[in-house]
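[1] here you go, sequence then predicted model.
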Amino acid sequence: MSSVEYSNYKHRHNFAIWAAARAAQRGFTNVINLKNALESSSIGEFVEKPSGESKFDKKHAKWCNRICDYLHNQGVNEATYGRAAKLVNVYLKSMVVLLDLSSEAAKFIHPPIDRILLQNIARDPNVNKEYSRKLRNTNWTSLDESEYFDLISILKEINGDQPFWKIEEYWDVTSETSS
């Protein structure tokens, strides 16, 4: 084993990498590629000091684009912004949001997006019919950057003034819909 102390941070990081990779994997690459892609994105700097709602979307875009570039350089042609975003969002949920749901960063970090979340929101009779149709027809694995941020805008509008993690009340792990 390593002579470097196995810290609380490293323990959380390893779990978050595993959870994020498994959530985003969907058969397109292996966990090692996803771990290396995430670690090459510079997301760790944000995790160390999570702040800056006004710049978060730009940081998110930088991380996801770096992840896609890394994966493409590894010959993983199925890498999309939507897949990279799922990797980033699950990682940040594990490392930052769940650590302190009342933190400032937990209020604006994007939730992991998958079919379960989108379909359940689309079924809510209180959601605008145009939004419901869009959510029902969205495939998160194929989203490009522009489509992803359009979707984030819709989810923010539906979520209102609540911390962004609260939109996940629609995410039901027992749902029959596959992610």
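    Received the coordinates, thanks. Worth saying up front: this structure is predicted, and the values here are computed from it rather than measured.

[2] where does pLDDT dip in this protein?
    For the chain, applying pLDDT under 70 flags the ranges 1-3, 175-179.

[3] could you chop it up by domain?
    The chain breaks down into these domains under automatic domain parsing: 8-108, 115-170.

[4] which of those sits most buried?
    domain 8-108 (a mean of 18; mean count of other C-beta atoms under 10 Å). Heads up, the C-betas are built off the backbone N, CA and C, glycines and all.

[5] what's the span of it from first residue to last?
    Start-to-end span of domain 8-108 (C-alpha to C-alpha, to the nearest Å) is 24 Å.

[6] quick one: that domain to chain centroid distance?
    7 Å (C-alpha atoms, centre = their mean, to the nearest Å).

[7] over to stretch 143-152?
    Worked out by C-alpha atoms, centre = their mean, stretch 143-152 lies 12 Å from the chain centre.

[8] can you dump the C-alpha atoms of it in CSV for me?
    Output of stretch 143-152 as CSV, limited to C-alpha atoms (Å, rounded to 0.1, in the frame of the first residue of the first chain):
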residue,chain,number,x,y,z
LEU,A,143,-26.9,16.1,-25.1
ASP,A,144,-24.4,18.6,-26.5
GLU,A,145,-23.3,21.6,-24.4
SER,A,146,-26.0,24.0,-25.7
GLU,A,147,-28.8,21.4,-25.2
TYR,A,148,-27.5,20.6,-21.7
PHE,A,149,-27.6,24.3,-20.6
ASP,A,150,-31.1,24.7,-22.2
LEU,A,151,-32.2,21.8,-20.1
ILE,A,152,-30.6,23.2,-16.9
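
[9] residues contacting it, please?
    With contact meaning C-beta atoms under 8 Å, 6 or more residues apart in numbering, stretch 143-152 is reached by 57, 61, 64-65, 80-82, 85, 110, 113, 134-135, 138.

[10] those residues in helices, which ones?
    Among those, the subset assigned to helices under DSSP state H consists of 57, 61, 64, 65, 81, 82, 85, 134, 135.

[11] so the third one sits against residue 84, correct?
    Just to be clear, that refers to residue 64. Yes. Assessed by C-beta atoms under 8 Å, residue 64 is found in contact with residue 84 at 3.9 Å.

[12] kind regards, and thank you for your time.
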